[in-house]
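*Asks:* Compute the structure for the input listed below.
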Amino acid sequence: MTAAVPAVSPLDVGRIRADFPVLQRMTRPGVPLVYLDSTATSQKPAAVIQAMEDFYRRSNANIHRGIHTLAEESTAAYELAREKTARFIGAPAARQIIFTRNTTESINLVAYAWGRANLRSGDVIILTEMEHHSNLVPWHMLAAEKALRLEFIPVTEEGLLDLDEYRRLLELGPKLVAFTHMSNVLGTINPAETIIRLAHEAGAVTLVDAAQSAPHFPVDVQTLDADFLAFSAHKMCGPTGIGVLYGRRELLEAMPPFLGGGDMIKRVHLRSFAPNDLPHKFEAGTPAIAEAIGLGAALDYLSAVGMEAVAAHEHALTTYALDRLAEVPGVRVFGPSAEHKGGVAAFTFPGVHPHDVAQILDEMGVAVRAGHHCAQPLHEKFGIPATTRASFYLYTTTDEIDRLVEGLYRVKEVFG
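*Replies:* Next up is the predicted model:
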């Protein structure tokens, strides 16, 4: 079959790839790395690595607690990263940006601080069938503790949310609607503005899991009108160990602290304490200072490239990948068409376990993910235990997608 003609990308991908040291390596002699696992974690440009190294070499000190030169430099760099984050997602003020360890902790913070204070027995939370475990398990735990009712927006066979059913669920008067902006399995980009608008009309608070959207296309919390929004640095060219929670100011101010300890207090007595102001109320103890600086450098990098350009590049790649994967006999790709999909292609290969597919691909230098991708209910929905997932980012090329397809033909040869 004739290969699809790749769409034109707005990015100089060759120049971008030169910024990422790991993309220059061989996985074994003569076998260059093809990294197609960016949905799990992205690679890091030299600018991010350098920013973190410079901090440790020149300015390493704890923040908010010292008046010496290093402490002041560290504090300024940490808070500058918060300001960059606020600008990146269009937050009205930097104080509405809470640094956490990751998206998972951000969602747990909302569940424990906002949920415990505001939800009562019998209250309804609406989630979706395509949620990552990070946006399921915290609500299961809270529901068990407070006798809450969880309802789920169904996923259609095409991999889209059933918005008609969502409207019916809203008649239950939910207190919270929490959903993924983009599925880490299907790649589905959900209509967040519509979901949020309908939730607000029903009187519900909203939480957006933006772990897969913030790295890949422009996200503006004010345009979305989101009440809470969470994402992780490590999926967007930044380091592991730091995540972000954005919250509407009045909600954050009314919430009790999540963790107790240093820096989240205004004053402490033996028998009482008063919490600090935003954002410090939710950042107990010494935070991930170098990681925040790395996040700031990653946001600088992505902003310089342009998020619209990143989105356009990934759309061209996804269109090309879906066409190429359709050439391989028996391969079934899950999720909607490229029009409604981000840079993710999760698929099954008839008669071959996804782990075996991934192992053969790895022998050819192609890194993909195999398993349930922390979305077991979604895989159960489609009657499968696992998928193989290839995912793309600003540094991915059409040649790498061709290598993936070549590897799948190799799988076919091995397993017959």
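
*Asks:* Find the residue at the geometric middle of this protein.
*Replies:* A211 (1.4 Å; Cα atoms, centre = their mean).

*Asks:* Just say helix, strand or coil for it.
*Replies:* When classified by DSSP: H, G, I helix; E, B strand; the rest coil, A211 comes out as coil.

*Asks:* The nearest residue to it once chain neighbours are set aside: what's it in contact with?
*Replies:* Excluding the flanking residues, the one nearest A211 by Cβ to Cβ, 6 or more residues apart in numbering is T103, at 4.3 Å. Glycine gets a C-beta too; all of them are placed from N, C-alpha and C. With contact taken as Cβ atoms under 8 Å, 6 or more residues apart in numbering, T103 is in contact with 134, 209-211, 230-232, 243.

*Asks:* The residue nearest to I196 when sequence neighbours are not counted: neighbouring residues, count only.
*Replies:* Of all residues not flanking I196 in the chain, T206 sits nearest, at 4.8 Å (Cβ to Cβ, 6+ apart). Number of residues near T206 (other Cβ atoms under 10 Å) recorded here: 24.

*Asks:* What of T41?
*Replies:* So T41, with other Cβ under 10 Å, has 17 neighbours.

*Asks:* which ones are touching T206?
*Replies:* For T206, the contact set (Cβ under 8 Å, 6+ apart) comprises 176-179, 195-196, 199-200, 225-228.

*Asks:* Neighbour-wise, which one of those residues leads?
*Replies:* Greatest neighbour count in the contacts of T206, by other Cβ under 10 Å, goes to A178: 29 neighbours.

*Asks:* With pLDDT and distance to P45 as extra columns, can I get the contacts of T103 in a markdown table?
*Replies:* Formatted as a markdown table, the contacts of T103 follow (pLDDT from 0 to 100; distance: Cβ to Cβ, whole Å):
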| residue | pLDDT | distance to P45 |
| --- | --- | --- |
| S134 | 98 | 26 |
| D209 | 98 | 25 |
| A210 | 98 | 21 |
| A211 | 98 | 19 |
| A230 | 98 | 23 |
| F231 | 98 | 18 |
| S232 | 98 | 17 |
| G243 | 98 | 19 |
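
*Asks:* so where is the stretch 151-300 of the chain shaky, pLDDT-wise?
*Replies:* In the predicted model, the stretch 151-300 of the chain carries no residue with pLDDT under 70.

*Asks:* Helices of that one, residue ranges please.
*Replies:* Along the stretch 151-300 of the chain, counting by DSSP state H, counting those that start in this stretch, helices occupy 163-170, 192-201, 221-224, 249-254, 289-305.

*Asks:* Please identify the most buried of those.
*Replies:* Of all the helices of the stretch 151-300 of the chain, helix 289-305 carries the top mean neighbour count, a mean of 22, counting by mean count of other Cβ atoms under 10 Å.

*Asks:* who touches that one?
*Replies:* Counting by Cβ under 8 Å, 6+ apart, 11, 16, 19, 44-45, 47-52, 55-56, 60, 62-63, 74, 77-78, 80-82, 84-85, 88, 99, 215, 233, 236-242, 244, 310, 394 sit against helix 289-305.

*Asks:* Filter the residues you listed down to just the ones in strands.
*Replies:* Mapping those onto strands (DSSP state E) picks out 99, 244.

*Asks:* Write the PyMOL selection for whichever of the contacts of helix 289-305 are buried.
*Replies:* Per 16 or more other Cβ atoms under 10 Å, the buried members of those correspond to this PyMOL selection:
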select buried, resi 11+16+19+44+45+48+49+51+52+55+62+63+74+77+78+81+82+84+85+88+99+215+233+236+237+238+239+240+241+242+244+310+394
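
*Asks:* Now do the domain split for the protein, please.
*Replies:* Here the domain parsing of the chain from automatic domain parsing is 13-40+307-415, 49-304.

*Asks:* need the helices for the stretch 1-150 of the chain, in chain order.
*Replies:* 13-18, 46-54, 69-88, 103-109, 116-118, 137-146.

*Asks:* need these in CSV with distance to H355, can you?
*Replies:* Formatted as CSV, the helices of the stretch 1-150 of the chain follow (distance: least, Cβ to Cβ, whole Å):
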stretch, distance to H355
helix 13-18, 28
helix 46-54, 31
helix 69-88, 36
helix 103-109, 24
helix 116-118, 39
helix 137-146, 24
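
*Asks:* mind checking which of those helices is nearest G365?
*Replies:* Proximity to G365 (Cβ to Cβ) singles out helix 13-18 among those, at 14.8 Å.

*Asks:* ok, back up a step: would you list the helices of the stretch 151-300 of the chain in TSV and tack on distance to D277?
*Replies:* Output for these, formatted as TSV (distance: least, Cβ to Cβ, whole Å):
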stretch	distance to D277
helix 163-170	35
helix 192-201	27
helix 221-224	20
helix 249-254	9
helix 289-305	19
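
*Asks:* and H379, which of those is closest to it?
*Replies:* By Cβ to Cβ (comparing all of those), the closest turns out to be helix 163-170, at 20.3 Å.

*Asks:* tell me which strands and helices that closest one is in contact with?
*Replies:* Judged by 3 or more Cβ pairs under 8 Å, 6 or more residues apart in numbering; DSSP states H and E, the packing partners of helix 163-170 are strand 124-128, strand 149-153, helix 192-201.

*Asks:* quick one, what contacts E73?
*Replies:* 58-59, 61.

*Asks:* and those, which are buried?
*Replies:* 59, 61.
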